[in-house]
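1. Need coordinates for the following:
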Amino acid sequence: VNDIDRSDALNELDRAQNDMWGLSWINTLDIQGLVLKSITGYRDLDSHNYRDADNATNVYFEVGNDLKTDQFSQEFILSNASGSRFDWLVGIYYLREDGKSKADVNVASGLYEATGAVALDLGLDYDTTQDTTSYAAFFYTTWYWTDATRINLAARYTYDEKTLHMYTVKPASQTPVVLPGPTNPASCSDVVADGYGSRYSCKDDWNEISPKIGVDHDFSDTIMGYASISQGFRSGIYNGRPTSTEQISVADPETLTSYEVGLKTQLWDNRLQINGSAFYDDYKDQQFLVNRPSSASGADALALVVDN
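-> Here you go, the predicted model:
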């Protein structure tokens, strides 16, 4: 995507360029009444964005980000041939994603050069690498209880590993954004000096089981109703732009339980389709970007962290 009209942008650095491509390869093999499917995928993303938040010719408040990710996935699915009163499939899944990001935040550029005060160097540079590895195993079954009613039962087990490496520096004063010192998350290293800046790393892993149960019923050849209860989760995350050791934080996965009922119809000799559904979502351990006291006593300034 590189065809956005920016002729009215006052800052010539303002841009949004995203290049993405991917490949997928699907193989299917019939084995004596069973079907084995292999799904191989690869995706590459290069993103270059610079946002002039104040739309002024001078640098007052601007954010730039260069992002590159490479993602590979492999999935195997084994299922029985359709036509029986009990359909099933089982599968395994693997994903590897390597991401690199360089982000710079420019606020009131020139203050440090004019005053020499490090506290007035409000520019922030982050050089981040995050690697993600995910494994999963799952099954999905459908039992044809009657000719009109089907019961669905499924579950997925997921295990995620994430590793974060962060380097910070203030570009004008050539001093660390995050000063060296101990960090609170047990999964993160202490912040150490590295050249003009500072560096730290985090490593975490999470696992979740996501079940589903549902029922489908054909009221007629043209009207089908359904109801289901399912669970899903969003993997754990890191705070990507801390400005102090107190802001280095990790949020555990959030989970969602979804309840849904609905109706699907094909009417008027299949010329009219009317579908409707009602659902209720119940979140647990929802992830937020929040302010909290930077010490147990609550006497210090607030720290912006990710939390549940």
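2. Please verify my assumption that V118 contacts T175.
-> Yes: V118 lies in contact with T175 (CB atoms under 8 Å); the separation is 5.6 Å. Just so you know, the C-beta spots here come from the backbone N, C-alpha and C atoms, and that holds for glycine as well.
3. For stretch 29-43, list every residue counted as buried.
-> Of the residues in stretch 29-43, I39 count as buried by neighbour count, 16 or more other CB atoms under 10 Å.
4. Stretch 45-54 too?
-> Within stretch 45-54, the residues scored as buried using 16+ other CB under 10 Å are 45, 47-48, 50, 52.
5. And for stretch 210-222?
-> Within stretch 210-222, the residues that count as buried by 16+ other CB under 10 Å are 210, 212, 214, 216.
6. now swap in stretch 274-293 and tell me
-> Q287.
7. same deal with stretch 173-182?
-> Using 16+ other CB under 10 Å as the test for burial, stretch 173-182 gives 173, 175-178.
8. do stretch 257-274 as well
-> Residues of stretch 257-274 classed as buried by neighbour count (16+ other CB under 10 Å): 265-266.
9. Next, format the buried residues of stretch 45-54 as TSV and append distance to S109 and secondary structure.
-> Output for the buried residues of stretch 45-54, formatted as TSV (distance: CB to CB, whole Å; DSSP: H, G, I helix; E, B strand; the rest coil):
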residue	distance to S109	secondary structure
L45	29	strand
S47	23	strand
H48	20	strand
Y50	14	strand
D52	12	strand
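10. okay, these in JSON lines with pLDDT and distance to W268 next?
-> Output for the buried residues of stretch 45-54, formatted as JSON lines (pLDDT from 0 to 100; distance: CB to CB, whole Å):
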{"residue": "L45", "pLDDT": "97", "distance to W268": "44"}
{"residue": "S47", "pLDDT": "94", "distance to W268": "46"}
{"residue": "H48", "pLDDT": "90", "distance to W268": "51"}
{"residue": "Y50", "pLDDT": "86", "distance to W268": "53"}
{"residue": "D52", "pLDDT": "81", "distance to W268": "53"}
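11. Just name the closest of these to A81, please.
-> Closest approach between the buried residues of stretch 45-54 and A81, by CB to CB: L45, at 37.9 Å.
12. State the distance from that closest one to I274.
-> For L45, the distance to I274 (CB to CB, to the nearest Å) stands at 39 Å.
13. Just say helix, strand or coil for the residue lying closest to S228 once chain neighbours are set aside.
-> Nearest residue to S228 in three dimensions, chain neighbours excluded: G214, at 3.2 Å (CB to CB, 6 or more residues apart in numbering). On the three-state scheme (DSSP: H, G, I helix; E, B strand; the rest coil), G214 is labelled strand.
14. can you pull the contacts of G214?
-> Contacts for G214 (CB atoms under 8 Å, 6 or more residues apart in numbering) come out as 151-152, 226-230.
15. List only buried entries from those.
-> Applying a neighbour-count criterion of 16+ other CB under 10 Å, the buried members of the contacts of G214 are 152, 226, 228, 230.
16. Kindly reformat those as CSV containing secondary structure and pLDDT.
-> Formatted as CSV, the buried ones among the contacts of G214 follow (DSSP: H, G, I helix; E, B strand; the rest coil; pLDDT from 0 to 100):
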residue, secondary structure, pLDDT
N152, strand, 98
Y226, strand, 98
S228, strand, 98
S230, strand, 98
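17. and stretch 93-105, which residues are buried?
-> 93, 95, 97, 99, 101, 103-105.
18. Please export the C-alpha coordinates of it as CSV.
-> Output of stretch 93-105 as CSV, limited to C-alpha atoms (Å, rounded to 0.1, in the frame of the first residue of the first chain):
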residue,chain,number,x,y,z
TYR,A,93,-0.3,-26.6,14.2
TYR,A,94,3.1,-24.8,14.3
LEU,A,95,3.9,-21.1,13.9
ARG,A,96,7.2,-19.2,14.0
GLU,A,97,7.2,-15.4,13.7
ASP,A,98,10.3,-13.2,13.8
GLY,A,99,9.6,-9.4,14.1
LYS,A,100,12.0,-6.4,14.2
SER,A,101,10.8,-2.9,14.9
LYS,A,102,12.6,0.5,15.0
ALA,A,103,10.4,3.2,16.5
ASP,A,104,11.3,6.8,17.1
VAL,A,105,9.2,9.4,19.0
